[in-house]
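# coordinates for the following, if possible.
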Amino acid sequence: QDIGLIAIVEQGALTGFNVLIGGGMGMNHTKADTFPRLGDPLGFITPDQVIEVVEQIVLVQRDFGNRSDRKHARMKYLVHTWGVERFRSEVESRLGYALQPWAPMPSLQNELHLGWNNQGDGRWFFGLSVENGRIADAGPRRLKSGLAAVIEQFRPGVHLTPNQDILLTDLAATDRPAVEALLLSHGVALPTTLSNIQVYSMACVAMPTCGLAVAEAERALPSVIDDLEREVAQLGLGDERLSVRMTGCPNGCSRPYVADIAFVGRSPDQYLILLGGRSNGTRLNEPYKDLVRTADLVRELRPLLVHFRNTRQVGESFGDFCQRLGTPALVALADAQLAGEAEVTDVLA
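Numbering: from 1, shown residues only. From the prediction side, this is the model:
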């Protein structure tokens, strides 16, 4: 985000916030000087400093940000041009005091909170995976009706997550079997029965909802995920946490640029594949292959998944593996294997 506040808690008490500046997911395929960017650590602030610090950050952007080119109006381009040290100095000069150093904190995790979780107050919350955030009745899977029935009967709190899922909160322990039974009676799959590929996937709405979309995303990703599920299962990689994101344009609304695997729309039925991100938001992925048709997306990934299974280091994720090898090596490896498959096909023909 332009400005991020990460709460720091010690012994159950809020001590303040680590501040990030200059993040943003959007880019433009035809403008090389636009790009996704991670936020930079600015410093640590106490709760009573939040309003004045955020205000001064916004005022620095107002006074020095690009006001003439909409493609470069985001704070990330000012931070990229200036560097975080100059930006911090400008903020501190307006505040009249120095920001404290970044506070130590645990590593960030992309925790989905699916299934049953103890709230810590004697109640429970249930995290329900919603594919691409779309709540609808479709054939035997009547998610809309099932959720309505649970909410009407048990009156839970309802919270939406950044991963497009739903948390049903403040449920009694005795309600758990009945909640599950009601969902199952509506054909709603429980999170424990879903693959990691599916629960860690996400798409933007794209066509026909978004006027900026140049390719499908929400309507196309489910079939791509089905194919990818079969591939990883055959390769024995079903337990891997592979984050997969798809968008219908490069604006990054489903945060594709931090995923292990991303498909970003380029034109109708053609995508840019990016590899090697970290879904906890701490590393961007890199372009791998461009103008790949929907039907070929999984085929392009299979050689890499095979090589990942055979040569990965201990504890290495697929995103880490892609970063370690680098894009040129990944492209050469995949092209060699795909060329071999083509030769075999020609011989059989």
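# going forward, measure contacts and count neighbours with C-alpha atoms only.
Noted.
# I'd like the distance between residue 265 and residue 26.
Per C-alpha to C-alpha, to the nearest Å, residue 265 is found 13 Å from residue 26.
# where do the contact lists of the two overlap?
Counting by C-alpha atoms under 8 Å, 6 or more residues apart in numbering, the contacts common to residue 265 and residue 26 are residue 250.
# these two: who's more crowded?
Using other C-alpha atoms under 10 Å as the criterion, residue 265 and residue 26 rank with residue 265 on top: 29 against 19.
# tell me the pLDDT of that one.
Looking at residue 265, its pLDDT stands at 97.
# and whichever strand or helix holds it, C-alpha only, in CSV?
Following DSSP states H and E, the helix or strand that holds residue 265 is strand 261-267. Output of strand 261-267 as CSV, limited to C-alpha atoms (Å, rounded to 0.1, in the frame of the first residue of the first chain):
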residue,chain,number,x,y,z
ILE,A,261,2.5,-18.2,-9.8
ALA,A,262,0.6,-15.3,-11.4
PHE,A,263,-1.3,-15.0,-14.7
VAL,A,264,-1.8,-11.4,-15.7
GLY,A,265,-4.1,-10.6,-18.6
ARG,A,266,-2.4,-9.1,-21.8
SER,A,267,-5.2,-9.5,-24.3
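# for it, which strands pair with it and how are they oriented?
Sheet pairing of strand 261-267 (DSSP bridges) gives strand 244-247 (parallel), strand 270-275 (antiparallel).
# which one of these lies nearest to residue 69?
Evaluated with C-alpha to C-alpha, the strands paired with strand 261-267 place strand 244-247 nearest to residue 69, the distance being 24.1 Å.
# who's in contact with that closest one?
By C-alpha under 8 Å, 6+ apart, strand 244-247 touches 197, 200-206, 215-218, 221, 253-256, 259-265.
# now do residue 83 against residue 23, distance only.
From residue 83 across to residue 23, the span is 13 Å (C-alpha to C-alpha).
# between these two, point out the one with more neighbours.
Neighbours per residue, other C-alpha under 10 Å: of residue 83 and residue 23, the larger number sits with residue 23, 21 against 14.
# what's the closest non-adjacent residue to the more buried one?
Nearest non-adjacent residue to residue 23, counting by C-alpha to C-alpha, 6 or more residues apart in numbering: residue 39, 3.8 Å away.
# the one you found: how many residues sit nearby?
Other residues within reach of residue 39, judged by other C-alpha under 10 Å, total 23.
# and residue 61, what does it touch?
Residue 61 makes contact with 75, 78, according to C-alpha under 8 Å, 6+ apart.
# just use 30 as the starting number from now, easier for me
Yes, from this point I'll number from 30; that puts the last item at residue 90.
# phi, psi of it?
When read as degrees, to the nearest 10, the backbone of residue 90 gives phi -60, psi -40.
# where in the chain is pLDDT low?
For the chain, residues meeting the criterion pLDDT under 70 lie at 370-378.
# helices along the stretch 30-179 of the chain, start to end?
Remark: helices assigned in the stretch 30-179 of the chain by DSSP state H, counting those that start in this stretch are 79-93, 104-111, 113-124, 172-183.
# tell me the most buried of the ones you listed?
Of all the helices of the stretch 30-179 of the chain, helix 104-111 carries the top mean neighbour count, a mean of 19, counting by mean count of other C-alpha atoms under 10 Å.
# packing partners of it?
When contacts are defined as 3 or more C-alpha pairs under 8 Å, 6 or more residues apart in numbering; DSSP states H and E, helix 104-111 packs onto strand 42-50, helix 79-93.
# could you check the angle helix 113-124 makes with that helix?
In terms of direction (axes from the mean of the first three to the mean of the last three C-alpha atoms, to 10 degrees), helix 104-111 departs from helix 113-124 by 110 degrees.
# how much space between the nearest residue to residue 121 once chain neighbours are set aside and residue 119?
Spatial nearest neighbour of residue 121, chain neighbours left out: residue 127 (5.4 Å); criterion: C-alpha to C-alpha, 6+ apart. Separation of residue 127 from residue 119 (C-alpha to C-alpha) stands at 10 Å.
# got it, and residue 69?
15 Å.
# likewise residue 308?
In this view, residue 308 and residue 119 are 32 Å apart by C-alpha to C-alpha.
# cool, and residue 300?
Residue 300 is 40 Å from residue 119, where distance means C-alpha to C-alpha.
# how about residue 198, what does it touch?
Counting by C-alpha under 8 Å, 6+ apart, residue 198 makes contact with 152-155, 185-188.
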